[in-house]
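Q: predicted coordinates and the sequence they were generated for:
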Amino acid sequence: MPGKVYLIGAGPGDPELITVKGRRLLQQADVILYDHLASTALLDLAPPSAERIYVGKKKSAHSFAQEEICAMLIERAQRGGTVVRLKGGDPFLFGRGGEEAEALADAGIPFEVVPGVTTPLGIAAYTGVPLTHRDHTSAVTFVTGHAVEAIDWDKVGHSETLVVFMGLTNFPAIASELIARGRSAETPAMAVRWATRPDQQTITGTLATLPALVAGMKPPATIVIGEVVRLREKLDWFERLPLFGKRIAVTRAREQSGALATRLSALGAAVLELPTIEIRPPADPAPLDRALAALSTYDWLIFTSANGVRFFIDRLDAGPADLRQLHAKICAIGPATRDALQALHLKVDLMPSEYVAEGLLTAFEPHDLSGKRVLLPRAAVARDLVPIELARRGAHIDVVEAYCTLPPDHLAEAARELLAQRPSCLTFTSSSTVQNLVAAVGAEALRGIPAVSIGPITTRTAQSLGVEITAQAKVFTVEGLVDAVLGLYTEMTPPLSSKSPKTS
């Protein structure tokens, strides 16, 4: 029995603009055939086992002819399973989805079409140019600019709003045709490349001036002509975001980078992900297992990271004991660690006001630790300040490895590729992110790139390795780091001074 093919619109570029149904089907896909204009970030939604086939077309480079693409869809569907044809924009608006649907129907292959946010709608939303407006236009016409002579410009040229797909190269001829047929040369017009993406490029002018203005612009770009273009100056919100046009490198572990990347993206940044650490279970879980077997004997349980919480619970779940054995008070070093514990319905009894080891020791000052048993599950390599000082205060402390951090494979190659993209700044969330990056490419390779640190320990590590830190978070959290990045471009936060900033 054949499988089923889904022709899915990937949207105009921003991967978050895919429909809920499209996202769900991607998560179930066995095979994905994807276009040049479909965000590759969407491929991460599919199961790791899914076959991914690039079938993109550019003006002068087609990986496969349309007939070959149709044949692949039919052949993969005949094998069974779920086949996704992921297309930029919408499949049925200059997406050749109609041709593919016809081929599937002729072959007797079941299919569905899942519409997407088409490029003109993305352009309208992300440039502040509504395609319709009661005061300006009530008619919109979409045309393709591939073949100028194939379009009846007398018929479509006077549409109040005219959207030209794939017409960048031919736009001088298109503009001449429109003006020759009576369209005012002063009609506002704009060209938009990579709409809805952080690298969106918008050029505005008039029907007479835009051809020269876009001479250096490269496809893919869409052109909008009409009075509504005048509204861009008033309604543009996307390109006014504080980090729009900035390329921010995130060096955090991939499984932890989501929160930081999401916050930066929401402020308009193009996020360049470069995981410099991988977080793995301990090489030898026996010490942690012994501590878990004696969990009921501890008076205090200290977590210094959300990773410590995650791997502690994972190992607990793998053994015979569970959280019913826990009678200790709990200390968390900061809000992210606290949130990880609260997600497990565990209340935190103590959290320092400064999210570093020194702050944790200060928080413990009112507590008598003499004779108390303390468990500290943490990374394999960490500062020894906390266990040494708590032992000096009379605690019996067990420090066990809950996880380890290692450089990812091929880090040097990935780092050189990212640095070639000329990031606006680097962000460091721990000492190990700096250490691993410097070990991979050297401090000299980072020179001249502004760097932002999450806190004083990370800053000192970077400086000791020859990496200049431009700004440091006031509050040593992801939110504080984002504020420090904003400070580089909006003066929201002062640059790093000679004194380590305190938490507020």
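A: Yep, that arrived.
Q: just the strands in the stretch 401-504 of the chain please.
A: Using DSSP state E, counting those that start in this stretch, the strands of the stretch 401-504 of the chain run over residues 425-428, 451-453, 471-472.
Q: mind listing the strands the second one pairs with, and their directions?
A: Right, strand 451-453. Using DSSP bridges, the strands paired with strand 451-453 in its sheet are strand 425-428 (parallel), strand 471-472 (parallel).
Q: now those in JSON lines, with mean neighbour count and mean pLDDT?
A: No exception for glycine: its C-beta is placed from N, CA and C like everyone else's. As requested, these are arranged in JSON lines below (neighbours: other CB atoms under 10 Å; pLDDT from 0 to 100):
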{"stretch": "strand 425-428", "mean neighbour count": "26", "mean pLDDT": "96"}
{"stretch": "strand 471-472", "mean neighbour count": "26", "mean pLDDT": "95"}
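Q: could these go into TSV alongside distance to residue 173?
A: Compiled in TSV, the strands paired with strand 451-453 are given as follows (distance: least, CB to CB, whole Å):
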stretch	distance to residue 173
strand 425-428	42
strand 471-472	49
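Q: out of those, the one nearest residue 267 is which?
A: Between residue 267 and the strands paired with strand 451-453, the shortest separation by CB to CB is 12.8 Å, and it involves strand 425-428.
Q: which outside residues touch the closest one?
A: Contacts made with strand 425-428 from outside it, assessed by CB atoms under 8 Å, 6 or more residues apart in numbering, are listed as 246, 248-252, 260, 434, 437, 446, 449-454, 458, 462, 469-470, 481, 485, 488.
Q: over to stretch 296-314?
A: Contacts with stretch 296-314, where a contact means CB under 8 Å, 6+ apart, come from 256, 279, 281-282, 288, 291, 325-333, 336-337, 339-341, 344, 357, 360, 369, 372-379, 382, 386, 395, 398, 402-403.
Q: in strands only, show me those residues.
A: 279, 329-332, 373-379, 398, 402-403 (DSSP state E).
Q: of the contacts of strand 425-428, which belong to helices?
A: 260, 434, 437, 458, 462, 481, 485, 488 (DSSP state H).
Q: adding neighbour count, write those out as JSON lines.
A: Putting these into JSON lines (neighbours: other CB atoms under 10 Å) gives the following:
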{"residue": "260", "neighbour count": "23"}
{"residue": "434", "neighbour count": "28"}
{"residue": "437", "neighbour count": "30"}
{"residue": "458", "neighbour count": "26"}
{"residue": "462", "neighbour count": "25"}
{"residue": "481", "neighbour count": "28"}
{"residue": "485", "neighbour count": "29"}
{"residue": "488", "neighbour count": "20"}
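Q: tell me the two of those that are most distant?
A: For the ones in helices among the contacts of strand 425-428, and using CB to CB, no pair is farther apart than 437 and 488, which are 18.9 Å apart.
Q: what about the stretch 51-200 of the chain, any weak spots by pLDDT?
A: Within the stretch 51-200 of the chain, the stretches with pLDDT under 70 are 58-62.
Q: can you map out the helices along it?
A: Read by DSSP state H, counting those that start in this stretch, the stretch 51-200 of the chain holds these helices, from start to end of the chain: 66-78, 97-106, 119-127, 153-156, 171-180.
Q: of all those helices, which one is nearest residue 272?
A: Among the helices of the stretch 51-200 of the chain, helix 119-127 sits nearest to residue 272 (CB to CB), with 20.4 Å.
Q: picking that back up, out of the strands paired with strand 451-453, nearest to residue 24?
A: Between residue 24 and these, the tightest spacing by CB to CB is seen for strand 425-428, at 32.3 Å.
Q: what's stretch 142-160 in contact with?
A: Here stretch 142-160 makes contact (CB under 8 Å, 6+ apart) with 93-94, 120, 136-141, 162-171, 173-174, 177-178, 181-183, 223, 226-227.
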